[in-house]
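> pasting the sequence and the predicted model now:
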Amino acid sequence: MAEDPMLSQAEIDALLRSLQEEAPQPDAPAQEAATAVTQTSALARPRAAVPAHAAYDLPPGFGLLLGVQVALSVEIGSTVLELGELLQLGRSSLIVLNGRVDAPLILRINGVPFAEGVVVETNGRYGLRITELLQPEEGAKAS
């Protein structure tokens, strides 16, 4: 059986903790500016156009994580169904979710809430414009 190339959330957290412990912390304004530039340029370019060796201002050793794949998903809402209800679903069935139409969507990374955002259209495809990054404890509450 092929080995799963994705790291678990616990493995990612452990790697990030170990890198943060050994790296000097940049000042907050410089870090915010670098984040804003990275976010803007990543949104403006297709994924394939971002070179793997792009110059990032990262703590020592952090560059090793740039190639790690994580699963992103966007949650518009959820509900709980009984198995009998699930088995009765078919074409044109309607499932009512707990999310409101005007509520922000939740961006999850490996199933963990990471950010909130709104749906946008870009070149005929869906996108998510991030409106707020969640603090780790907020993400844990939302899951």
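Yep, it's here. Residues are numbered from 1 along each chain as shown.

> OK, contacts around residue 117?
Taking CB atoms under 8 Å, 6 or more residues apart in numbering, we find residue 117 in contact with 74, 104-105, 107, 128-132. C-beta coordinates here come from the backbone N, C-alpha and C atoms, glycine included.

> go again with 6 Å.
105, 107, 128-131 (CB atoms under 6 Å, 6 or more residues apart in numbering).

> looking at this, it is in a strand?
Yes: counting by DSSP: H, G, I helix; E, B strand; the rest coil, one finds residue 117 located in a strand.

> residue ranges for the strands of this structure, please.
Taking DSSP state E as the test, the strands found in the chain are 72-75, 105-109, 112-122, 125-133.

> now, of those strands, which is deepest in the fold?
Stretch with highest mean neighbour count among the strands of the chain: strand 105-109 (a mean of 19; mean count of other CB atoms under 10 Å).

> pairing partners for it, with directions?
If you go by DSSP bridges, strand 105-109 pairs up with strand 72-75 (antiparallel), strand 112-122 (antiparallel).

> what sits up against it?
70, 72-76, 113-115, 117, 128.

> could you redo the last one with a cut-off of 8 Å?
Around strand 105-109, the neighbours that count as contacts under CB under 8 Å, 6+ apart are 70-76, 99, 113-119, 128, 130, 142.

> got it, and stretch 69-87?
With contact meaning CB under 8 Å, 6+ apart, stretch 69-87 is reached by 5-7, 12, 95-99, 105-111, 117, 128.

> and if we set it to 7 Å?
For stretch 69-87, the surrounding residues in contact (CB atoms under 7 Å, 6 or more residues apart in numbering) are 5-6, 95-99, 105-110, 128.

> return that stretch as CSV; C-alpha atoms alone will do.
Output of stretch 69-87 as CSV, limited to C-alpha atoms (Å, rounded to 0.1, in the frame of the first residue of the first chain):
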residue,chain,number,x,y,z
GLN,A,69,1.0,19.4,1.0
VAL,A,70,-2.0,20.2,3.2
ALA,A,71,-5.7,19.6,2.5
LEU,A,72,-7.7,22.8,2.2
SER,A,73,-11.5,22.7,2.4
VAL,A,74,-14.2,25.4,2.7
GLU,A,75,-17.2,24.8,4.9
ILE,A,76,-20.4,26.5,4.0
GLY,A,77,-22.4,24.8,6.8
SER,A,78,-23.2,21.5,8.3
THR,A,79,-26.0,19.3,9.6
VAL,A,80,-26.6,16.0,11.2
LEU,A,81,-28.8,13.3,9.4
GLU,A,82,-29.9,9.9,10.5
LEU,A,83,-28.6,7.1,8.3
GLY,A,84,-32.1,6.4,7.1
GLU,A,85,-32.4,10.1,5.9
LEU,A,86,-29.1,9.9,4.2
LEU,A,87,-30.0,6.7,2.3
